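>>> Sequence first, then the predicted structure, then my questions.
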Amino acid sequence: MLSSRLAMLSLGIALAAVPALAQQDKPVAKVDGITITEGDLKLAEEDLGERTAQMPEDRKREEVINYLVDLKLGAKAAAAAKVGDGPEFAKRLAYNRDKLLLDEYLTAEAKKAATPEAARKLFDDTVKAMKPEEEVHARHILVPEEAQAKAALERVKKGEDFAKVAAELSKDPGSGKEGGDLGWFAKDRMVPEFAEAAFKLEKGQVSEPVKSQFGWHVIKLEDKRSKPLPSFDEVKPQIDQYLVRKAQQDII
C-alpha cells in the first residue's frame, strides 16, 4: 500500500512538471531549419540583462527573438566554416564550460544559504550583540563671532523662540532656514566640541556659546533617545546579500 502511494506521488510530481517542460520547448520562431524555443528565449533574456530590462514586454520579446535569430544563423555559418574544429576553440569551450559550472554551483549554494530562517537568525543574533546608541535631537544657531552668539543666547533667555532666532541669525546653510533644526544624530556625526556640548544638555536646555571650526554655536536640546534599530524587513535585502556572498566566499 505504501509503495503504491509513493508511486502515485511520484507520478503526480512528474505530471506537474510536464507543462513547465512543454512550455520551455514551445517554438517561438523557426529560421533556416533552426527552431528557437521559449527556453532559448528565457536564457537569452537573462544573458542580455540590462540591455533589454527597461523595454516594454512586447518590444523586449521581439528584440530577444531577433537577437537569437542572428545568433543561431551566425553560429550555423561558423560551424559550416569549421571555426570550432581547432584546438584553440576546444580550449576556450572547456574554459567557458568550467566557468558556467562554477557559476551554477555558486548560485545553487547561495540559494541554500540565503534562507528566510538563516536571515532571521543572523538578524536576531546581530540585534542581541548591538549596544544601544544614544541620539539627540537638537537645534543650533551658528554665527562667526562669540559676541554674536552671546547676543543670540541673550534673546533666547529673555523668552524669544529659539527656532525664530535661529532662522533670523544662523549662518548654517543647511539648518538655518529650518529654525536651526539638525534632526536626530549620534555623537560621532558631529565635530567633537559640538557633540560634547549637545550630549551634556538635558531636554529643553540651551548651551552657552560653543566654539568649533565652523564658528560659534548656541545649542538647544529638543530630545534624547536610544537610536531605533532597523526592522527585519528593512535590512533583509542586505542580510540576503551577505549570506549569498559568504556562502560563495566559503567555496572559492
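Done, it's in.

>>> Give me the buried stretch members for stretch 221-238, please.
Neighbour-count burial for stretch 221-238, counted by 16 or more other Cβ atoms under 10 Å, picks out Leu221, Glu222, Lys224, Val235, Lys236. From N, CA and C alone the C-beta is placed, and that goes for glycine too.

>>> And the residues you listed, which is closest to Ile34?
Lys236 (43.7 Å; Cβ to Cβ).

>>> So which of the buried residues of stretch 221-238 sit within helices?
Among these, the ones falling in helices (DSSP state H) are Val235, Lys236.

>>> ok, so of the buried residues of stretch 221-238, who is nearest Glu168?
Distance to Glu168 across these (Cβ to Cβ) is lowest for Glu222, with 18.7 Å.

>>> Show the contacting residues for the closest one.
Residues in contact with Glu222, defined by Cβ atoms under 8 Å, 6 or more residues apart in numbering, are Val136, His137, Ala138, Arg139, Lys203, Gly204.

>>> and it, what pLDDT?
The model reports Glu222 with a pLDDT of 98.

>>> Quick check: it vs Phe185, distance?
Summarising the geometry, the distance separating Glu222 from Phe185, computed by Cβ to Cβ, to the nearest Å, is 11 Å.

>>> Look up the residues that both of these two are in contact with.
In the contact map built from Cβ under 8 Å, 6+ apart, the residues linked to both Glu222 and Phe185 are Val136, Ala138.

>>> any chance you could map the strands in the protein?
For the chain, the strands defined by DSSP state E occupy 27-31, 34-37, 134-143, 181-186, 210-212, 215-226.

>>> Which of these sits closest to Ala90?
With distances scored as Cβ to Cβ, the stretch of the strands of the chain nearest to Ala90 is strand 34-37 (23.2 Å).

>>> That closest one pairs with which strands?
Paired with strand 34-37 in the same sheet, following DSSP bridges, are strand 27-31 (antiparallel).

>>> hang on, the earlier thing: want to throw the contacts of Glu222 into a markdown table with distance to Asp240 and pLDDT?
What follows is the contacts of Glu222, written out as a markdown table (distance: Cβ to Cβ, whole Å; pLDDT from 0 to 100):
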| residue | distance to Asp240 | pLDDT |
| --- | --- | --- |
| Val136 | 33 | 97 |
| His137 | 33 | 98 |
| Ala138 | 36 | 98 |
| Arg139 | 39 | 98 |
| Lys203 | 39 | 96 |
| Gly204 | 43 | 96 |
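
>>> Relative to Glu135, how far out is the residue lying closest to Phe199 once chain neighbours are set aside?
Distances taken as Cβ to Cβ, 6 or more residues apart in numbering put Lys187 closest to Phe199, at 5.6 Å, once the chain neighbours are dropped. As defined by Cβ to Cβ, Lys187 lies at a distance of 8 Å from Glu135.

>>> And for Ala79?
Going from Ala79 to Glu135 by Cβ to Cβ gives 66 Å.

>>> Ok, Ile36 next?
Spatial separation of Ile36 from Glu135 under the definition Cβ to Cβ is 58 Å.

>>> Which strands or helices does the longest helix seen in the chain pack on?
Scanning the chain for the longest helix, with DSSP H as the assignment, gives helix 87-113. The contact analysis (3 or more Cβ pairs under 8 Å, 6 or more residues apart in numbering; DSSP states H and E) places helix 87-113 against helix 232-251.
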